[in-house]
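Engineer: Could you look at this predicted model? Sequence included:
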Amino acid sequence: MSLSVKNLTVRLPEGRALVENLSFEVKRGETLALLGASGSGKSVTCAAVLGLLTRGLTSEGDITLEGQPVDYQQIRGKRIACIMQNPSSAFNPVYTMEQHAIETLKATGQSVDQKVISEALYDAGLDDQERVLGLYPFQMSGGMLQRMMLALALMTPADYLIADEPTTDLDLIVQSHILNRLESLSQKRNLGVLLITHDLGVVARLADRVAVISAGKLVEECQAEDLFYQPSSDAGKTLLAAHYAMYNDVVTEDTSADLPGLRATVIKVNPDQMYQQEGSSV
Ligand SMILES: Nc1ncnc2c1ncn2[C@@H]1O[C@H](COP(=O)(O)OP(=O)(O)OP(=O)(O)O)[C@@H](O)[C@H]1O
């Protein structure tokens, strides 16, 4: 029961590879973080997995869902849902949220069922449903739109979710809410989640395993916790050092229960020691 990507290569028309020979697997019920610095190829990988590469880019490799080669028309939305960064550009500006919900249900071959809509809104943390369903995108905050995108994903029968930087551009409190929702939903629905991120706070909060990519290549794959104790790749070390540099008042023991959200990175090591031991530089 997994979404498997084997030897994925994505090329520009002139032949240069943006992503090269990338392999990873996402199992039902687990969250794999695809982690990498800006420009490392995360979004290109995500687009290739969904069959949504922009014109001119070509891909090679095997993408299978539960052992079967993927048929993008059949899987997109129906087996694999996605929530993308920058929710404000993901909605049709002249549709209300109710119209988006109806369209999502129809596009995934379902009948329009208010119970399904209501449950998805509830699960995504959107209260006051009657009001929300009557709103247009421009009437909603970034956090509400991100929750609505999550709700639309939950209206589909998909058992895998691709979340491309789902909390970028949101303030810390809203980020924390969205991450909490994602965590409880992946457990409740036994979703396999491919989480695209450059943020180690998000990794610490949600991921079971991590695949680190650098310049389009897989450079490290490990349990999420191991990345914080013993990153083996230069890219992993650099991201970790950058994270510590940003959050240098980071806690030295697991206080995630007290500090829900991004700053609750589960770190039981002293960052200063880590710098010296790993020789990371940022
Ligand atoms: N359609 C395209 N044509 C040419 N180059 C592209 C195209 N799409 C992406 N690239 C290049 O591929 C590389 C990887 O881009 P990608 O958007 O996947 O990075 P990313 O890791 O998602 O970065 P970020 O975290 O900033 O979103 C970048 O160098 C980007 O400029």
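Structural biologist: Structure received.

Engineer: Go ahead and confirm Leu161 touches Ile80.
Structural biologist: Yes. Counting by Cβ atoms under 8 Å, a contact exists between Leu161 and Ile80, whose distance comes to 7.3 Å. Where C-beta positions appear, they are placed from N, C-alpha and C, glycine not excepted.

Engineer: for the ligand, what are the nearby residues on the stretch 101-250 of the chain?
Structural biologist: By the rule Cβ under 6 Å from any ligand atom, the part of the stretch 101-250 of the chain lying against the ligand is His198.

Engineer: Got the confidence number for the one residue in the stretch 101-250 of the chain that gets nearest to the ligand?
Structural biologist: Relative to the ligand, the nearest point of the stretch 101-250 of the chain is His198 (5.0 Å; Cβ to the nearest ligand atom). The model reports His198 with a pLDDT of 87.

Engineer: from what I can see it touches Ala37, true?
Structural biologist: Yes. Counting by Cβ under 8 Å, His198 sits close enough to Ala37 to count as a contact (6.0 Å).

Engineer: shared neighbours of the two, which are they?
Structural biologist: Where contact means Cβ atoms under 8 Å, 6 or more residues apart in numbering, the residues bridging His198 and Ala37 through contact with each are Leu239.

Engineer: just to revisit the earlier point, list the contacts of the residue of the stretch 101-250 of the chain closest to the ligand.
Structural biologist: His198 makes contact with Leu35, Gly36, Ala37, Ser38, Ser40, Lys42, Glu165, Leu239, according to Cβ under 8 Å, 6+ apart.

Engineer: So the second one versus Gln146, what's the distance?
Structural biologist: Meaning Gly36. Shown here: Gly36 relative to Gln146, a distance of 22 Å by Cβ to Cβ, to the nearest Å.

Engineer: What residue, apart from its backbone neighbours, is nearest Ser111 spatially?
Structural biologist: For Ser111, ignoring the flanking residues on the chain, the nearest one in space by Cβ to Cβ, 6 or more residues apart in numbering is Leu105 at 7.0 Å.

Engineer: Give me the contacts around stretch 71-91.
Structural biologist: Outside of stretch 71-91, the residues within contact range by Cβ under 8 Å, 6+ apart are 3, 46, 49-52, 65, 100, 104, 107-109, 137, 142, 145-146, 148-150, 152-154, 156-166, 168-169.
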